[in-house]
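Undergrad: What shape does this take:
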Amino acid sequence: MHDDAVTVPRAVPRAVPPVRLTPRPLGSEPQHPDIEDELEEIGFFVAQGLDEDAREALERLRAEHPEHPDLERVREIGGTLVVEPRDETPEEAVGEDVGEDVDAALDSIIADDQPLPLTPEGTVIAPHPSPAAPYAGGGPLENADSLMRELGLDRPRPGRITIVSEDPDRPPPPAPFQEEPPDDTTESGTVITPNPLPPAPYAGPEVAEVRPIRLVMLGDSGGVVDERVLAPGETLEIGRGGEVPWGDDPKLESLHARLEPVAAGLAVEAGDAINGVFRQIDARTLVRDGDAFRVGESLLTFECPNEGPDRGAYGRLVVTEPDGEPRTYAIEGDGLLVGREDVDVSFADDTYVSARHCRISCEGTDVFIEDLRSSNGTHVRLRPGDVAPVGTRLLMGHTQFEIRTV
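TA: Numbers count the residues shown, from 1 in each chain. Predicted coordinates:
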């Protein structure tokens, strides 16, 4: 091949059935197209056992290229088609056959806008590109200022721009860098630095805000009878006697409870009350050993002793009525139904108890109590340290209160 020529591999398109365009090489004799892809396809059919497909492809190839020399590579041995490998022995370069006329032929082809010549393998022969002309100048470009203005390169560069996102969750951008002032140095080389600022005093843990509480006394129909507003730090004592609407409740003790607003609601401290202060439950509530409940006029206590009479698998329920002996019920896996009619624990003569008042159920190792939308509700006694949140209804004696915001 000529020294000034570079070879560019020709991209051969594939299609089924294959179609090949015969390029016109240097000289007048026609070139045979490359059918290597078709032969590989026949070999693939043979390898897959698709003999009929291989023979059909071969017949089609012979019909399209009847005198192609590569067809001799397909032979039938023992009733099976065999495609012999291609001879990869390099042929003599075309440039050597053309000789010194290659440059002239290429110049003529390029001038006439003719297709570039090809080797027998299909390689395009293209002339070497001319080298770039050297820069003839040596000094600054002429009219450089006008060229810079035309390209827009003479405009001043903008300063640094910080884009701040409007997303409130995105952290703020970092503060711009500021150089620290140089430290003072004595003649002996000692660096004098300013004293560091003292640490900020410890402010202690964050304390939740205590808000005023409104305690509303409710009547038998649920309406408001009276109310008291308790400011933060103020306490209210509930008891029998005095000029207060609840003072004539015979079930109240002289000092039944002491109330004080806290951050979580209302702190309730039982005074001399025998039965304490109860809150009305509004959901399925976990029962703990020693918990007591008010159902109508009676007191129900859950006990879980290690042994003893009437102890079931989950403990026992002790029922104390105003004028009766305590009754004990074993709590098994089926639980207990409490009410006035067709129940396990019956209060037939208590008009404050609904027909199906509440249910005691068992799940796993736990015991729960649930009000069944009774008329007067089911109440659980507050333990020492309990806080009643806003919205809770409290029962002290026969008087019912509700905790509300101001």
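
Undergrad: how far away is E253 from R240?
TA: 6 Å (Cβ to Cβ, to the nearest Å). Heads up, the C-betas are built off the backbone N, CA and C, glycines and all.

Undergrad: Which strands or helices does the longest helix along the chain pack on?
TA: Criterion DSSP state H: the longest helix present in the chain is helix 51-64. Judged by 3 or more Cβ pairs under 8 Å, 6 or more residues apart in numbering; DSSP states H and E, the packing partners of helix 51-64 are helix 36-47, strand 80-83.

Undergrad: Kindly export that helix (C-alpha atoms) in PDB.
TA: Taking Å, rounded to 0.1, in the frame of the first residue of the first chain, the C-alpha atoms of helix 51-64 are listed here in PDB:
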ATOM      1  CA  ASP A  51     -30.100 -28.300   8.200                       C
ATOM      2  CA  GLU A  52     -33.100 -27.200   6.100                       C
ATOM      3  CA  ASP A  53     -32.500 -23.500   7.000                       C
ATOM      4  CA  ALA A  54     -28.800 -23.800   6.200                       C
ATOM      5  CA  ARG A  55     -29.600 -25.300   2.700                       C
ATOM      6  CA  GLU A  56     -32.200 -22.600   2.000                       C
ATOM      7  CA  ALA A  57     -29.700 -19.900   2.900                       C
ATOM      8  CA  LEU A  58     -27.000 -21.500   0.700                       C
ATOM      9  CA  GLU A  59     -29.400 -21.800  -2.300                       C
ATOM     10  CA  ARG A  60     -30.400 -18.200  -1.900                       C
ATOM     11  CA  LEU A  61     -26.700 -17.200  -1.700                       C
ATOM     12  CA  ARG A  62     -25.800 -19.200  -4.800                       C
ATOM     13  CA  ALA A  63     -28.700 -17.500  -6.700                       C
ATOM     14  CA  GLU A  64     -27.500 -14.000  -5.800                       C
END
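
Undergrad: List of residues touching that helix?
TA: By Cβ atoms under 8 Å, 6 or more residues apart in numbering, the residues outside helix 51-64 that reach it are 17, 35, 38-39, 41-42, 45-46, 68, 71, 74, 80-81.

Undergrad: the domain parsing of this structure - what is it?
TA: 1-129, 213-405 (automatic domain parsing).

Undergrad: Least confident of those, on average?
TA: Mean pLDDT is lowest for domain 1-129 out of the domains of the chain, coming in at a mean of 65.

Undergrad: where do the helices sit along this structure?
TA: 36-47, 51-64, 94-98, 102-111, 144-151.

Undergrad: Would you mark the buried spots in the longest one?
TA: For helix 51-64, the buried set under the neighbour-count rule, 16 or more other Cβ atoms under 10 Å, comprises 54, 57-58, 61.

Undergrad: try the first one
TA: With burial defined by 16+ other Cβ under 10 Å, the residues of helix 36-47 counted as buried are 38-39, 41-43, 45-46.

Undergrad: Pull the contacting residues for T328.
TA: 309-310, 316-319.

Undergrad: quick one: which of the residues you listed has the most company?
TA: Counting neighbours by other Cβ atoms under 10 Å, L317 comes out on top of those with 26 neighbours.

Undergrad: What about the nearest residue to that one once chain neighbours are set aside, how many residues nearby?
TA: Excluding the flanking residues, the one nearest L317 by Cβ to Cβ, 6 or more residues apart in numbering is Y329, at 4.5 Å. Using other Cβ under 10 Å, Y329 has 18 neighbouring residues.

Undergrad: please renumber so the chain begins at 26
TA: OK, 26 is where the count begins now, so the last one is Y354.

Undergrad: OK, contacts around Y354?
TA: So Y354 contacts 335, 341-342, 344, 361, 369-370 (Cβ under 8 Å, 6+ apart).

Undergrad: Next: C329.
TA: The contact partners of C329, taken as Cβ under 8 Å, 6+ apart, are 314, 339-341.

Undergrad: Check V269 too.
TA: Per Cβ under 8 Å, 6+ apart, neighbours of V269: D251.

Undergrad: And it, how far from G103?
TA: Taken as Cβ to Cβ, the span from V269 to G103 is 119 Å.

Undergrad: before we move on, back to that, would TSV of the buried residues of helix 61-72 with distance to R111 be doable?
TA: Converted to TSV, the buried residues of helix 61-72 look like this (distance: Cβ to Cβ, whole Å):
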residue	distance to R111
E63	12
L64	8
E66	14
I67	13
G68	11
F70	18
V71	16
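
Undergrad: Of these, which is the nearest to L325?
TA: For the buried residues of helix 61-72, the residue nearest L325 by Cβ to Cβ is F70; the value is 89.8 Å.

Undergrad: Can you tell me the closest non-neighbouring residue to that closest one?
TA: That would be A79: by Cβ to Cβ, 6+ apart, it lies 3.7 Å from F70.

Undergrad: ok, back up a step: hey, which of the domains of the chain is tucked in deepest?
TA: domain 238-430 (a mean of 16; mean count of other Cβ atoms under 10 Å).
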